[in-house]
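> Sequence plus the predicted model coming up.
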Amino acid sequence: MKKFIKAVFHQDIRTIEFMAENGDRMLRSGGTLAWLFNNPGNLRPKKNSIYPGQIGIGETKYGKLCVFSSVEAGRSEKRALLRRKYNPMTLRKAIYTYAPPNDNNDSEAYLSFVKRKTGLSDTVVLEDLSDAQLDSLMAAMEQMEGFDAKKETRKEKWVCATVVTFSDGARPLPNQPVVIKRGASTVEATTDAYGRLPPLVTLTAGELVTLLVRKGSESLEQIGEFLLPARSQSLVFLRSSEEHAGTLAGHNPRPSNRRTKPKPVRYVIQPGDTMARIAERFRVDAKELAAANKDTVRNPNRIFPGQVLWIHDGPAPQSAQPQQLASVRKLAPAARSKENTGHPLAIVPLRSKRAPWMEIAIAELKRWGGIKEVVIDDSINYHKEIGLQFRSLSTAWCASFVNYCLKSSGFRHSGSAGSQSFRTSQNFYRLAAPVYGALVVYSNPAKPGQGHVAFVYCKLKGGDLAVLGGNQGDSITFNPHKSVYIQKLKYKLEGYFVPIAYREYAEQQLAQGGDLGDATLTLASLRSEFGKTTTSTQADQNTR
């Protein structure tokens, strides 16, 4: 049985679309809303959280209803609700509360039906019911709610879908116009904020799909093609994010006395960088570079990934009459000609590629490191920042912190406050080993379905890894991977994950031996560099 991880209700055609772990879609129509949504109790959404097993919300003419991953999950939550909220009530009060008259219910008829089916009196207290009696009550309620009505109209259809994501190798490319050709059909589409085209449903296995982009107003350029298989799949197309008009200087141009001072360049330190290497790359003096950034870099001999440098007063390119304009693809690092040779020089901005979300994580670390969640809560609620309705950070926020960093850097996130959501979301790819910025997911064997998630930061002396995360000791801080999560807390390592649009780049880093640097750093050095940050031996205090 395929496990559903997400669901969307299309109210206009009264059809719900379930997405399975492998990307397959199941379209369900007909029947009752309770059957459509795997919600035999017609449970409505909570205000500030979700039920276990809830994978969506359906907007109906009767209001919002929960969608569950299975009928069993829906029944389980109804049973838990009855035991949790209705246990002290008599049957009469429970029915009138569960199906009140002011919500279009004939509560007295509902009660009479349940009593007739179960043989229970209306004065019996629910906490006195055995599990078998409670099951009988639930079955009667399901029948009254009409869960199995209109069986002859039920329809289910499985379809395979291909999800195409556009990426520049490190980031998804949003708002990219693409022409999709399938046989005689041609449609135009645009990638969403996460670089994804609308899912392509397989109608005939082996059908050829061609992707094209417009070149000017007339012509089209083919950028890729593939066959739609008899299974679901996710594809990533690598493409330059922008084209720049670069000025090419002619051979041996006449020098000019005019010099244009370049604007400061903002550079995010990457794993393996040193101040000397950065200075050489930008052709500036290393001591002057360190002096210009003394407020953000305490020790120029020890810099840390995610820190930001401003590069000032680099050599300005000599001005010359442009001989031609070239369409230059954005590269990293920028290709430059040797000085004073007069060979063509394409001025293309240097860009940082590795795990762009780590810049956000480091900024939050500098802002809140070592400060408890009760204080952070007054300024930012990471749950609400990603669209969840938890009122405060008293609800476990390790996953929401990770999702906030991803969303802020333009990547698709899991949309959940659950640490295990990254294992099942199609937006993420599992790596064989960690890279800088990878999401490390742990499960808690003592609490099935719960655990912790954080970012891999660097290697530590002694062979451990430093992981950076939120809700680590109720704060944002570094923890050691092995000694805290594996050895002390006895968590299970579930794997390392990266956004699907970052997959190609992460695999390249692994093929080159990884990008976590040498094992020279200690937690003490991290704590010293990032000021208020303290190292916590506590994990996510309220794991999800």
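Now that the structure is in, tell me what you want to look at.
> neighbours around residue 382, how many?
Per other CB atoms under 10 Å, the neighbour tally for residue 382 reads 27. From N, CA and C alone the C-beta is placed, and that goes for glycine too.
> Need the distance between the two termini of stretch 20-33.
Using CA to CA, to the nearest Å, the end-to-end distance of stretch 20-33 comes out at 20 Å.
> Contact partners for residue 220?
With contact taken as CB atoms under 8 Å, 6 or more residues apart in numbering, residue 220 is in contact with 179, 212-214.
> Then residue 414?
Applying CB under 8 Å, 6+ apart to residue 414 gives the contacts 399, 403, 421-422, 425, 427-428.
> from the residues you listed, which is closest to residue 196?
Closest approach to residue 196 among the contacts of residue 414 (CB to CB): residue 427, at 8.8 Å.
> thought that closest one was touching residue 421?
No - Residue 427 is beyond contact range of residue 421, at 9.6 Å (criterion: CB atoms under 8 Å).
> Check what pLDDT the closest residue to residue 400 other than its chain neighbours gets.
Distances taken as CB to CB, 6 or more residues apart in numbering place residue 382 nearest to residue 400, at 4.0 Å, with adjacent residues excluded. Each residue has a pLDDT score; the one for residue 382 is 95.
> same check, this time on residue 541
Residue 541 is given a pLDDT of 43.
> Same check on residue 323?
In this model, residue 323 is scored at 27, pLDDT.
> Ok, residue 271 next?
On the pLDDT scale, residue 271 is placed at 78.
> residue contacts, it?
Neighbours of residue 271 in contact, by CB under 8 Å, 6+ apart: 305, 354, 436, 458, 515-517.
> same question, residue 388
Listed by CB under 8 Å, 6+ apart, the contact partners of residue 388 are 400, 416-417.
> Cross these against helices and list the overlap.
Cross-referencing the contacts of residue 388 against helices under DSSP state H gives residue 400.
> and which of the contacts of residue 388 is nearest residue 198?
Taking CB to CB as the measure, residue 198 lies nearest residue 416 of the contacts of residue 388, at 22.3 Å.
> For that closest one, give its distance to residue 8.
Separation of residue 416 from residue 8 (CB to CB, to the nearest Å): 15 Å.
> Which one's more surrounded, the two?
Between residue 416 and residue 8, counted using other CB under 10 Å, residue 416 has the larger neighbour count: 21 against 15.
> Hmm, the more buried one is touching residue 399, no?
Yes - using CB under 8 Å, residue 416 is in contact with residue 399, at 6.3 Å.
> most surrounded residue in the contacts of residue 220?
Within the contacts of residue 220, most neighbours by other CB under 10 Å means residue 212, with 19 neighbours.
> How is the chain partitioned into domains?
For the chain, automatic domain parsing gives the domain ranges 4-153, 160-241, 244-329, 357-529.
> For the first one, give the mean pLDDT please.
The average of the pLDDT scores along domain 4-153 is 91.
> how long is that domain from one end to the other?
22 Å.
> Check stretch 76-87 too.
Terminal residues of stretch 76-87 are spaced 15 Å apart (CA to CA).
> got it, and stretch 191-198?
8 Å.
> for it, what is the average pLDDT?
On average, stretch 191-198 scores 85.
> which of the residues in it are buried?
For stretch 191-198, burial by neighbour count (16 or more other CB atoms under 10 Å) applies to 191, 194-197.
> for stretch 81-97, same thing?
Neighbour-count burial for stretch 81-97 flags 82, 86, 89-96 (criterion: 16+ other CB under 10 Å).
> Before we go further, residue 96 is sitting in a strand, right?
No - checked against DSSP: H, G, I helix; E, B strand; the rest coil, residue 96 lies outside a strand; its state is helix.
> Wait, it touches residue 106, no?
No - look at residue 96 against residue 106 with CB under 8 Å: they stay out of range, at 11.0 Å.
> how near is the closest residue to residue 172 other than its chain neighbours to residue 13?
Distance criterion CB to CB, 6+ apart; nearest residue to residue 172, sequence neighbours excluded, is residue 195 at 2.9 Å. Distance, residue 195 to residue 13, by CB to CB: 27 Å.
> ok, now residue 285?
For residue 285, the distance to residue 13 equals 66 Å [CB to CB].
> for residue 81, same thing?
Counting by CB to CB, the gap from residue 81 to residue 13 is 30 Å.
> for residue 310, same thing?
Distance, residue 310 to residue 13, using CB to CB: 54 Å.
> between these two, which one's more packed in?
A count of neighbours by other CB under 10 Å puts residue 310 above the other of residue 310 and residue 13, at 12 against 9.
> Which positions in the helix or strand harbouring the more buried one come out as buried?
For residue 310, the host element (DSSP states H and E) is strand 308-311. Buried positions in strand 308-311, judged by neighbour count with 16+ other CB under 10 Å: 308-309, 311.
> what's the answer for stretch 454-472, then?
Buried positions in stretch 454-472, judged by neighbour count with 16+ other CB under 10 Å: 454-460, 464-472.
> pLDDT at the residue nearest to residue 207 when sequence neighbours are not counted, what is it?
In space, and not counting its chain neighbours, residue 207 is closest to residue 228: 4.7 Å by CB to CB, 6+ apart. Looking at residue 228, its pLDDT stands at 84.
> Residue 228: what's it in contact with?
Contact analysis of residue 228 by CB under 8 Å, 6+ apart lists 160, 162, 200, 202-207, 209.
> Narrow those residues to just the buried residues.
The neighbour count (16+ other CB under 10 Å) marks 160, 162, 200, 202, 209 as buried among the contacts of residue 228.
> export those to TSV and tack on distance to residue 2 and secondary structure?
Output for these, formatted as TSV (distance: CB to CB, whole Å; DSSP: H, G, I helix; E, B strand; the rest coil):
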residue	distance to residue 2	secondary structure
160	12	coil
162	17	strand
200	19	strand
202	16	coil
209	24	strand
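> Identify the bridge partners of the nearest residue to residue 411 once chain neighbours are set aside.
Once flanking residues are discounted, residue 411 sits nearest to residue 499: 4.5 Å by CB to CB, 6+ apart. As for beta bridges, residue 499 partners with residue 428 under DSSP bridges.
> quick revisit: the residue nearest to residue 172 touches residue 175, doesn't it?
No - judged on CB under 8 Å, residue 195 makes no contact with residue 175 at a distance of 9.1 Å.
> which residues does the residue lying closest to residue 386 once chain neighbours are set aside contact?
Closest residue to residue 386 in three dimensions, ignoring its sequence neighbours and counting by CB to CB, 6+ apart: residue 403, at 4.6 Å. With CB under 8 Å, 6+ apart as the criterion, the residues that contact residue 403 are 382, 386, 413-416.
> now swap in residue 60 and tell me
With contact taken as CB under 8 Å, 6+ apart, residue 60 is in contact with 9, 11, 33.
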